[in-house]
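Peer 1: Dropping a prediction and its sequence here:
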Amino acid sequence: MYRQARDYARQRGIIIADTKFEFGLDAEERLYLIDEALTPDSSRFWPADQYREGISPPSFDKQFVRDYLETLDWDKRAPGPRLPAEVIERTSAKYREACLRLTGRAPD
């Protein structure tokens, strides 16, 4: 699954820098993918044309929210701080750009 996704994304100018797959077994020992996979929430997507060794390029994922939260003084327990409209919009724009690059269409 990863190799196919990596190759697909790379052809569209995206590096999958980090991702996760979560699996589970049912009572008959059948394997299931049990969570989302290869989304901006479960993966880190980098623009291939901005990648440079030794630096972290901009990303099309929730890293923007994480970076913002690291600037705040809070105990990192739920509930988290409210996000400003600008952070929400910029994160949404990053998700929309990833969708456009990966699928060729903007999300509805």
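Peer 2: That came through fine. Remember, predicted model here, so these are calculated numbers, not experimental data.
Peer 1: which residues does residue 44 contact?
Peer 2: Residues in contact with residue 44 (Cβ atoms under 8 Å, 6 or more residues apart in numbering) are 16, 17, 18, 19, 59, 61, 63. For the C-beta atoms, the positions are set from N, CA and C on the backbone; glycine is no exception.
Peer 1: Based on its surroundings, how many neighbours for the fourth one?
Peer 2: Right, residue 19. 18 (other Cβ atoms under 10 Å).
Peer 1: How much space separates it from residue 28?
Peer 2: Look at residue 19 and residue 28: by Cβ to Cβ, to the nearest Å, they are 28 Å apart.
Peer 1: Helices of the protein, residue ranges please.
Peer 2: Using DSSP state H, the helices found in the chain span residues 2-11, 63-70, 85-103.
Peer 1: sorry, back to before: of the contacts of residue 44, closest to residue 75?
Peer 2: residue 63 (21.1 Å; Cβ to Cβ).
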